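**Student:** here is the input, now give the coordinates:
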Amino acid sequence: MIEFEQSGAHMSLAKYKQKRNFEKTAEPAAGRGTARPGQLLYVIQKHAASRLHYDFRLELDGTLKSWAVPKGPSFDPGHKQLAVHVEDHPVAYGDFEGIIPHGEYGGGTVMLWDRGTWESIGDAEQNYADGKLKFTLHGEKLQGNWALIRMHGKAGDDGKNWLLIKEKDEYALPEDEYNVTAEAPRSVLSDRGLDEIAAAGDKVWTSKPAARKGAAKKRSAGRVDVHKSTSSHNPSPHPQPLSPEDRGEGRLKGIKGARKAPFPAELKPQLATLVSAAPDGDAWLHEMKFDGYRLLAHLQDGQVRLMTRNGNDWTKKFAPLAKAVGLLPVESAVLDGEVVLLREDGKPDFQRLQNALKASDSADFVYYLFDVPYCNGHDLRAARLIDRKQVLESLLKQVDPGNDGMLRYSDHIQGAGADVLRQSCRHELEGIVSKQLDSHYQSGRTKSWVKSKCLKRQEFVIGGYTRPSGARSGFGALLLGYHDNGELQYCGKVGTGFTDETLKQMLPALEKRSRKTCPFVKVPTAIKRQLASWTEPQLVAEVEFSEWTDDNALRHPSFKGLRDDKPAKQITRERAMTSPDRKSSSQIRSSKGIGKKGTRTSRVKSTDNSPPHPLPLSHEDRGEGSSKSRTQTDSGETQLAGVAITHPDRVLYPDANITKADLAQFYVDIADWILPHVIGRPLTLVRCPGGQTGQCFYQKHLDGNLPAGVSTIAIKEKQGTDDYLLIHDVTGLISLVQWGVLEFHTWGAREDNIELPDRLVFDLDPGEEATWEQVVNGVREVRDRLKTIGLESFLRTSGGKGLHVVVPLTRRRSWDEVKDFTHAIATSMMHDSPDLYIDTMSKAKRKGRIFIDYLRNGRGATAVASYSTRARAGAPVATPLRWDELSPSLKPNQYTVLNLRKRLSSLKDDPWEGFFQVRQSLTDARIQRVGRD
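**Tutor:** Have a look, this model is predicted:
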């Protein structure tokens, strides 16, 4: 082993101690320390010294090797960050968060920004000496493969300047998509910012509460305050204090890897990686894959909190479960499991679970527990999984019978993974989760936990195909069906599983069988035939899929090949045998789809005002509100509408607990509603890569490579031309969500004639002290004034503070003429009621009045699209309404991502029925009447 302390090229703890006065600073004066059993510590401390920087530290040879990174780490392999090698620090320093007094070396605030473990790729000590250290991080913020490379000089030279580089792997991301230092700025220890740490004045070395008198008491009080601010439930009743024997302290001490430790301030769950086949061998154990919500139960000081994988407190949602956890014979614990709602046949039903939560039903929830990373003052994360499960099973055997089976141990089978998966699929379960029995508990997605899903496979008749989008050639997707009583029933489309060669080879065969009419007995909801090519139902495709939806559509289909050995006329739906006493899923659960047949797009006739209409969504693309419609790649990405959603678990709306995957699913579900309002129109986007509470910015021009399904249109501007973004289908829509888009704003004109607008928008925006009743009365007055001159208008919530009045037009007037007309309406209203309305943007003049914003109607100006989300708290959606829904009780943010789908599924008619069929224009007579009536 290389003796780094004796080498002049590397710094030892002697330099660390020389630079500090430990009578003044709370930093640890500890020596080299010892590594954790079988693991090496990794830490990044955000340090607001004379200049803000990030101290990157890796445990090696008994100390923390340390580098100061001025710009912080980046997930972008193209960003090579300067890392200045500084003195070694004691391993104990890796838990420090607090203040270094000014005047001391490094004086300023220190935040524990990230922590975890690391693994060297190759010989760590030799690679470090050579200046080429490559490693894998398992942190709470940073994961994947990284490298530290010394810029110049051998071991005997200065060698202070290194580069911190992200290696190319599944975790790599462009900086403009995800800036980790900007989007994850807070402490992993206390969830505080630098200012909060400084204001608290907490100089205590937090890893050893007893190190400074009173420190533990101060931190404990702070912890309780945070808890009370986020959860108002009463403390769970708790048994009498337990004896050491009851607490199992002797048993816990005897477990290899268990160590005494304070209750973790934060602990994120371990996640499984999707694999194509279950692992075999006795080194793996296999558990049922539950179809529910993952929750971590935190039990401390008689208080119970149920936390989601994203750190949201769901204790109130599952209050009976929290009470049951509080009755466990344990003083402190973190339990990991999944909450489900079981059907009559004992199988989990995610749709029922969602419905119960939305309805606030006190349903018979069951909390299946499968891990215990912390128990009775012992951190068990470094213990073997099989040992942790034995602790958990022993704990649950002592459960009070009065919990009615709410807490259950998730049992397992060791070895024979393929057989276990086969049995799971035979019982129509979702799949299995396989875990290495000697693995440690590591936050984040790992390969020591893997999941395998059950898939089905059969043949289907091809009845048509869609056009390709983006860079794809040939066709987009095959439209599939099966024969039932002599009729060809549509069952969805398949757009994955093709190679470029397959697309090229199949297109001529499809074109050869072209026909003008649809071969399916019923055309899918909202399908527009000009965007689909129909074929004679002669070709047969073999398709793999996960399951059938309640609407008889395929979920998660993937193309496997053409079958020429089976006549198309013989293709029927293959059905599994069911027991006579078992109800079908459709009997158990009946739910209305969002895109209802015969309600809206099927009635749209082509007019001058009609948009080119989107291709119909198959049920697996639409999702019908179910998270099951998402597929996941081996790298942990989620696939929706053929688009890979990276970081699907990133929370975009923290107050509503809406993740990136949730938002993409929402847009898939409502695609039939939003696409007619956005396709073919130049877009201005509000991008928020870090979510609604992070940094957001507008974007309307091309910036680098275009996402799939997104194209551009060159529009003449004052100086030359510029490229504006367009989409034409659901792929483009979801690609922009993947791009971090939270708002879609559109021009009032379409790409085929950009100089002639086809709609007007009046945005009634209340100033300070203006009442909601003023807004309601204002939009009524706009409607009445338009009606007086013969113009029909439509109402929508803005998702912001006001309401919009939208007027469809036949394209005859220029931008200037349209803007002048809307300005005249606003001015006439201000003239008639100067105390109520104003037509200028001045916020000072707007107090107590409504700004009638007509500026949305100028060339290049935009308005938020109908059914677009807004980058505001609560995830509101700009929602079209009927005029008879307008009332003082209406709220501008009434409809959100969480409740809009329920509204749409309950509608009998489109609130904007006839919008695209209206034929009206700004005639000279109408323009001249403004202000005279």
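
**Student:** buried residues, the host helix or strand of Arg926. List them.
**Tutor:** Under the criterion of DSSP states H and E, Arg926 resides in helix 924-929. By neighbour count on 16 or more other Cβ atoms under 10 Å, the buried set for helix 924-929 is Arg926. Bear in mind the C-beta positions are built from the backbone N, C-alpha and C, glycine included.

**Student:** packing partners for it?
**Tutor:** The contact analysis (3 or more Cβ pairs under 8 Å, 6 or more residues apart in numbering; DSSP states H and E) places helix 924-929 against helix 815-832.

**Student:** hmm, 10 Å instead?
**Tutor:** helix 772-788, helix 815-832 (3 or more Cβ pairs under 10 Å, 6 or more residues apart in numbering; DSSP states H and E).

**Student:** buried ones in the last one?
**Tutor:** For helix 815-832, the neighbour count (16+ other Cβ under 10 Å) marks 815, 818-830 as buried.

**Student:** residues in contact with Leu488?
**Tutor:** 461, 463, 480-482, 518-522, 537, 568-569, 571 (Cβ atoms under 10 Å, 6 or more residues apart in numbering).

**Student:** one more: His138?
**Tutor:** 39, 42, 115-119, 144, 440, 442-444, 446 are the contacts of His138 under Cβ under 10 Å, 6+ apart.

**Student:** how about the contacts made by Tyr837?
**Tutor:** 764, 770, 774, 778, 781-782, 826-831, 846, 849-852.

**Student:** now the residue lying closest to Leu437 once chain neighbours are set aside: how far from Glu751?
**Tutor:** Once flanking residues are discounted, Leu437 sits nearest to Ile386: 4.3 Å by Cβ to Cβ, 6 or more residues apart in numbering. Separation of Ile386 from Glu751 (Cβ to Cβ, to the nearest Å): 61 Å.

**Student:** who has more neighbours out of the two?
**Tutor:** Glu751 (18 against 15; other Cβ atoms under 10 Å).

**Student:** Phe752 - how many residues pack around it?
**Tutor:** Careful, residue 752 is Asp and not Phe. Using other Cβ under 10 Å, Asp752 has 10 neighbouring residues.

**Student:** low-confidence stretches in the stretch 601-750 of the chain?
**Tutor:** 601-637, 702-705 (pLDDT under 70).

**Student:** can you pull out the helices in it?
**Tutor:** 619-622, 660-669, 671-678, 730-738 (DSSP state H, counting those that start in this stretch).

**Student:** hmm, back to that, out of the contacts of Leu488, which are buried?
**Tutor:** Using 16+ other Cβ under 10 Å, the buried ones in the contacts of Leu488 are Val461, Gly463, Leu480, Gly481, Tyr482, Cys518, Pro519, Phe520, Pro537, Ala568, Ile571.

**Student:** show me the residues you listed that map onto strands.
**Tutor:** Val461, Gly463, Leu480, Gly481, Tyr482 (DSSP state E).

**Student:** quick one: the residues you listed as a markdown table, columns for pLDDT and distance to Gly802 too.
**Tutor:** Formatted as a markdown table, these follow (pLDDT from 0 to 100; distance: Cβ to Cβ, whole Å):
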| residue | pLDDT | distance to Gly802 |
| --- | --- | --- |
| Val461 | 97 | 51 |
| Gly463 | 94 | 46 |
| Leu480 | 95 | 45 |
| Gly481 | 95 | 46 |
| Tyr482 | 94 | 50 |
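
**Student:** and of those, the nearest to Gln699?
**Tutor:** Using Cβ to Cβ, Leu480 comes nearest to Gln699 of these, at 36.9 Å.

**Student:** look up the residues forming beta bridges with that closest one.
**Tutor:** Leu480 has the following beta-bridge partners by DSSP bridges: Ile462, Gly492.

**Student:** looking at it, it is touching Thr466, isn't it?
**Tutor:** No. Between Leu480 and Thr466 there is no contact under Cβ atoms under 10 Å: 11.7 Å.

**Student:** so after the longest strand seen in the chain, what's the next helix or strand?
**Tutor:** If each strand of the chain is counted by residues according to DSSP E, the longest one is strand 108-120. Note on strand 108-120: by DSSP H and E, the next helix or strand toward the C-terminus is helix 124-130.

**Student:** would a markdown table of the helices and strands packed on helix 924-929 with distance to Lys134 and mean pLDDT be doable?
**Tutor:** Shown next, in a markdown table, are the helices and strands packed on helix 924-929 (distance: least, Cβ to Cβ, whole Å; pLDDT from 0 to 100):
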| stretch | distance to Lys134 | mean pLDDT |
| --- | --- | --- |
| helix 772-788 | 60 | 94 |
| helix 815-832 | 57 | 94 |
